[in-house]
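> what follows is a predicted structure for the sequence shown.
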Amino acid sequence: MSFRVRNPLLALTLIGSVALGACDDDPVAVDDDDHGEAAQVQLVMNGAPIATFTFATNSWVGEMEVEVGEETPHIDVNFLEGDGEVIDWDTSEFYLMVEVEDASIAEFEQDTPGEFGGHLHGEAVGETDVRFSLMHGSVGGGHADLVTAWVHAHVEAPGS
């Protein structure tokens, strides 16, 4: 039995359409644009917000505070959608990176590397700034998807 293509251009077009259509159904493909739409980052300690960053204005309301030699209770770092709902990131794909501008004044310790929270430690009296980044990839090897501006962290003398 022989097969003859009468219109090679039509055949190529159909084969190309089928191949491209199949790409959309790839169950293993990762949609890099589907990271959620974070409008804010909120720092929550003991169930109450202590500072909120808004991406639209690139600004913080509130600050972090701790005494020298102390650590704060656990601070949850929540990324919020525009309606205020907390985004539940897939922790196999996303993690939190925290930078402290001057580690001689304060440190931010995550109980588990990459977790969405941790404790601020007071090292010396003074002020420094802290920045939070939503990272995509494996802990220590990802790239930043979202980065806040720096938020002030005050370290006070005990009993101040």
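Cool, got the structure.

> now do Gly137 against Thr91, distance only.
Distance, Gly137 to Thr91, by C-beta to C-beta, to the nearest Å: 12 Å. In short, each C-beta sits where N, CA and C put it, glycine included.

> do a quick rundown of the strands in the protein.
The residue ranges that make up the strands of the chain, judged by DSSP state E, are 40-45, 48-54, 59-62, 64-67, 75-80, 94-100, 106-109, 117-122, 126-136, 143-147, 151-156.

> spit out the contact partners of the residue nearest the centre of the chain.
The chain has Leu134 as the residue nearest its centroid, 1.8 Å off, counting by C-alpha atoms, centre = their mean. Applying C-beta atoms under 8 Å, 6 or more residues apart in numbering, one finds that Leu134 lies in contact with 35, 38, 79, 89, 94, 96, 144-147.

> could these go into TSV alongside distance to Val155 and pLDDT?
As requested, the contacts of Leu134 are arranged in TSV below (distance: C-beta to C-beta, whole Å; pLDDT from 0 to 100):
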residue	distance to Val155	pLDDT
His35	34	47
Ala38	28	93
Phe79	26	97
Trp89	29	93
Phe94	29	95
Leu96	22	97
Ala144	26	94
Asp145	30	94
Leu146	26	95
Val147	23	96
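
> identify, from these, the entry nearest to Met64.
When the contacts of Leu134 are ranked by distance to Met64 (C-beta to C-beta), Leu96 comes first, at 15.0 Å.

> number of nearby residues for that closest one?
Applying other C-beta atoms under 10 Å, we find 22 other residues in the vicinity of Leu96.

> around the residue lying closest to it once chain neighbours are set aside, count how many other residues there are.
Spatial nearest neighbour of Leu96, excluding adjacent residues (C-beta to C-beta, 6 or more residues apart in numbering): Phe116 at 4.8 Å. As a burial measure, the neighbour count of Phe116 was computed by other C-beta under 10 Å and equals 23.

> likewise Val98?
Residues contacting Val98 under the criterion other C-beta under 10 Å number 20.

> what does Ala56 give?
For Ala56, using other C-beta under 10 Å, the count is 8.
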